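Chemist: model the following, please.
(one chain, ligands or ions: 2)
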Amino acid sequence: MAEPTDEVLLQHAIGNTPPSMYYFPNFITVEEEERILNKIPANKWISLSRRRLQAVPARLTASNTLVASTGLPDWLVKPVAERLDGLGVFKDAPHGTVNHCLINEYLPGQGITPHEDGATYHPVVATVSLGGSIVLDVTEKAALHRTDGASDGRKAWRILQEPCSLLVTTGSAYRDTLHGIADVEEDSVLNENTVANWSLLGDKEKLVANGERNERTMRVSLTYRDVLKVSNIGSKIFGKPKS
Ligand SMILES: O=C(O)CCC(=O)C(=O)O
Ligand SMILES: [Fe+2]
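Modeler: Ligands and ions are numbered 1, 2, ... in the order given. As a prediction, this is how the structure comes out:
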């Protein structure tokens, strides 16, 4: 994505975070959410110690190459990938659109260690959340490398991802921060002072009514990206078409 000049994106920019994170509540409808959840193949999960995942259309090779004979299936394209194209989120990506989706599932008490997504991808991630809400912790990367234990003014942000929402991470947020999810049963002290995207939330009343707490339930994330290195099996097997 180029500079965030697009008006629609600007309206969804998360204030006080590193520039270039955007939050869209209700990016898909509850019916669309349900349809996608029902389409996720039950027999393709890869179990990790603290979550399970699926890579579509394929896992990347050891050299971070996407080798696949097909693109993303229809249920991952309609409506989500099409809507991302409509927003122009991946218009500057080498392939002009997304070619990969990592599906993560978290049960209550599960999370993901702080990490960066790195140079395998064009530096834009679009995350659509399904099921329950979850807090994503975003932390300045450089400060994490300090080992002297000093209070170093390291900046951190909490982003609440509601079901049906879209979170777009790009630019310096992609480059200069780590993101992770705590392995807790409940996210607490969620209010306008602690949640970076508070003003953009779809349903803050629910949190207020629940004593500023979010009880974790099963949550699935669809993380769409453009993998930079792609090798097409079809052209390897059949050779390049003449002409
Ligand atoms: O589930 C999420 O929102 C984050 C997943 C993530 O960081 C990843 O797949 O790289
Ligand atoms: Fe990630």
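
Chemist: next, the nearest residue in space to Ile28 that is not next to it in sequence: phi, psi?
Modeler: Once flanking residues are discounted, Ile28 sits nearest to Cys164: 5.0 Å by CB to CB, 6 or more residues apart in numbering. C-beta: built from backbone N, CA, C; applies to glycine. When quoted as degrees, to the nearest 10, the phi and psi of Cys164 stand at phi 80, psi 0.

Chemist: next one: Cys164, what pLDDT does it get?
Modeler: For Cys164, the model assigns a pLDDT of 98.

Chemist: I'd like the numbering to begin with 6 instead of 1 from here.
Modeler: Sounds good: first residue 6 from here, last item Cys169.

Chemist: which element follows the longest helix seen in the chain toward the C-terminus?
Modeler: Taking DSSP state H as the criterion, the chain has its longest helix at helix 35-44. Sequence-wise, the next helix or strand downstream of helix 35-44 (DSSP states H and E) is strand 51-52.

Chemist: tell me which other helices or strands that following strand touches.
Modeler: strand 57-61 (3 or more CB pairs under 8 Å, 6 or more residues apart in numbering; DSSP states H and E).

Chemist: tell me how far the strand it packs on is from the chain's mean position?
Modeler: Centroid separation for strand 57-61 versus its chain: 13 Å, with CA atoms, centre = their mean, to the nearest Å.

Chemist: that strand pairs with which strands?
Modeler: strand 51-52 (antiparallel), strand 105-111 (antiparallel) (DSSP bridges).

Chemist: of these, which approaches ligand 1 most closely?
Modeler: When those are compared by CB to the nearest ligand atom, strand 105-111 sits nearest ligand 1, at 4.4 Å.

Chemist: name the residues that touch that closest one?
Modeler: Contacts to strand 105-111, defined as CB atoms under 8 Å, 6 or more residues apart in numbering, come from residues 45, 50, 55-62, 65, 71, 77, 81, 117, 126, 139, 186, 221, 223-232.

Chemist: specify the angle between it and helix 35-44 in degrees.
Modeler: Angle of strand 105-111 versus helix 35-44, following axes from the mean of the first three to the mean of the last three CA atoms, to 10 degrees, is 90 degrees.

Chemist: what's the first helix or strand after strand 105-111?
Modeler: Per DSSP H and E, the first helix or strand lying C-terminal to strand 105-111 is strand 117-120.
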